[in-house]
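Engineer: Structure for the following, please:
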Amino acid sequence: MSTPAFDLAVCIGRFQLFHNAQLALLRKALELAPRCAVLMGSARQARSPRNPFTYEERVEMIRLALTTPERERIDFLPVRDVWDQKRWVASVQAAVAGLAGATRPRVVLVGHRKDPTTEYLNDFPGWTLHDVGRIEEVHAKALRAALYTAQALEPALAVIGPQVPTSTVQFLRAWAELPFLPKLREEWAELEEERAKWATAPYPPVLVTVDAVVRVGDHVLLIRRGRSPGKGLLAVPGGFIEQRETAYQSAVRELQEETGFELLPQEMEHACKAMRIFDHPDRSQRGRVITHAFHFDLGERMRPEIAGGDDAAEARWVPIAELPSLEDQFHDDHFHILDAFLGIT
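Structural biologist: Residues are numbered from 1 along each chain as shown. Model prediction:
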């Protein structure tokens, strides 16, 4: 047998949900190298219509589709969605380096340049890129939509079944017995209803929001969302910018409406330490949403009384040290907004 040209193949994806084209891609990776590292994106995101399966569930879904010899040659590695491309690339490289140890393996990145979501394939110049081309016309988004729109599970599986491994169908039957699918269907329907309102707009909508990260001592102010999308999840206070407000004015107003937090204008201005724009195209399930996030630090003082209001079912002060353990309970990219200002990871 000839010596493989590569020591390690790398495949990067979210695998929400695992389908035949992805299985073919993994098998091509195993043809190119003796070992394959599967880097699983959105590893710690909360369940949502876009991310219905946890990291562990997706690993199991993939393993079930592989033969025993194939499983023994694959390593799974979790990767956060940090919405900072340079930082994300560095985290992927660090994960692969940690797997390789002291050796410097010859790495081949296996993927397919299908649309703008795969531009990351160009961000690893030290690795050889193997573009597998279009294998099948399978789209995970359409498969998830079938899961959410069918009146019952079996009609959904009849649509999904021809496009996924048999083991994935079996996995979905078992997974559907868990209490997650009804809530995901409800949230998906609400998101689709919201998108339909923009269907006749002359241009694709770009929405503008504001968020407020408020720190007092070693605590930060959070809400629990009372409405979809992200109903029941943690978030920082925020909302849509108003027509006759600046971004700062909207952030202060949303903060007061959702939490009851209110200080004198001069105190708020003094406490505002930074503003940052978060504009990754995929950061929000609503679509293209750009947010202006403001960081208010009031230093060491008594924490003001708060109460959930407007879109917030609850408002509470949370110790910053507890945030890492809550990562998979945050709406959209709100954990990463906190991380950007507070440095919690």
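Engineer: for the record, mean pLDDT for stretch 16-34?
Structural biologist: Averaging pLDDT along stretch 16-34 gives 96.
Engineer: Just the buried positions in that stretch, please.
Structural biologist: 16-23, 25-26, 28-30, 32-33 (16 or more other Cβ atoms under 10 Å). All C-beta spots, glycine's among them, are computed from the backbone N, C-alpha and C.
Engineer: Would you mind writing the CA trace of it as PDB?
Structural biologist: Only the C-alpha atoms of stretch 16-34 are listed here, as PDB (Å, rounded to 0.1, in the frame of the first residue of the first chain):
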ATOM      1  CA  GLN A  16     -27.700  20.000  12.000                       C
ATOM      2  CA  LEU A  17     -28.900  17.300  10.900                       C
ATOM      3  CA  PHE A  18     -26.600  14.700   9.500                       C
ATOM      4  CA  HIS A  19     -27.300  13.700   5.900                       C
ATOM      5  CA  ASN A  20     -26.000  11.600   3.000                       C
ATOM      6  CA  ALA A  21     -23.800  14.300   1.500                       C
ATOM      7  CA  GLN A  22     -22.000  14.800   4.800                       C
ATOM      8  CA  LEU A  23     -21.500  11.100   5.200                       C
ATOM      9  CA  ALA A  24     -19.900  11.000   1.700                       C
ATOM     10  CA  LEU A  25     -17.700  13.900   2.700                       C
ATOM     11  CA  LEU A  26     -16.500  12.100   5.900                       C
ATOM     12  CA  ARG A  27     -15.700   8.900   3.900                       C
ATOM     13  CA  LYS A  28     -13.700  10.900   1.400                       C
ATOM     14  CA  ALA A  29     -11.700  12.400   4.300                       C
ATOM     15  CA  LEU A  30     -11.000   8.800   5.500                       C
ATOM     16  CA  GLU A  31      -9.700   8.000   2.000                       C
ATOM     17  CA  LEU A  32      -7.300  10.800   2.200                       C
ATOM     18  CA  ALA A  33      -5.800  10.300   5.700                       C
ATOM     19  CA  PRO A  34      -5.600   7.500   8.300                       C
END
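Engineer: hang on, the earlier thing: can you flag which of the buried residues of stretch 16-34 belong to helices?
Structural biologist: Cross-referencing those against helices under DSSP state H gives 20-23, 25-26, 28-30, 32.
Engineer: Just name the closest of those residues to Asp7, please.
Structural biologist: Distance to Asp7 across these (Cβ to Cβ) is lowest for Leu32, with 10.2 Å.
Engineer: Just give me the closest of the ones in helices among the buried residues of stretch 16-34 to Glu327.
Structural biologist: Gln22 (25.3 Å).
Engineer: Please tell me how far that closest one sits from Val220.
Structural biologist: As judged by Cβ to Cβ, to the nearest Å, Gln22 and Val220 stand 38 Å apart.
Engineer: residues near the closest residue in space to Ala247 that isn't next to it in sequence, how many?
Structural biologist: Nearest residue to Ala247 in three dimensions, chain neighbours excluded: His292, at 4.1 Å (Cβ to Cβ, 6 or more residues apart in numbering). If you count neighbours by other Cβ atoms under 10 Å, His292 ends up with 21.
Engineer: His292 bridge partners, please.
Structural biologist: Val210, Ile277 (DSSP bridges).
Engineer: if I look at it, how far off is Arg276?
Structural biologist: 8 Å.
Engineer: How about Gln329?
Structural biologist: 22 Å.
Engineer: who's more crowded, these two?
Structural biologist: The neighbour comparison of Gln329 against Arg276 (other Cβ under 10 Å) goes to Gln329, with 18 against 15.
Engineer: isn't that one right up against Gly230?
Structural biologist: No: if you go by Cβ atoms under 8 Å, Gln329 and Gly230 don't touch, sitting 10.1 Å apart.
Engineer: Find residues that contact each of these two.
Structural biologist: Applying Cβ atoms under 8 Å, 6 or more residues apart in numbering, one finds that Gln329 and Gly230 are jointly contacted by Ala46.
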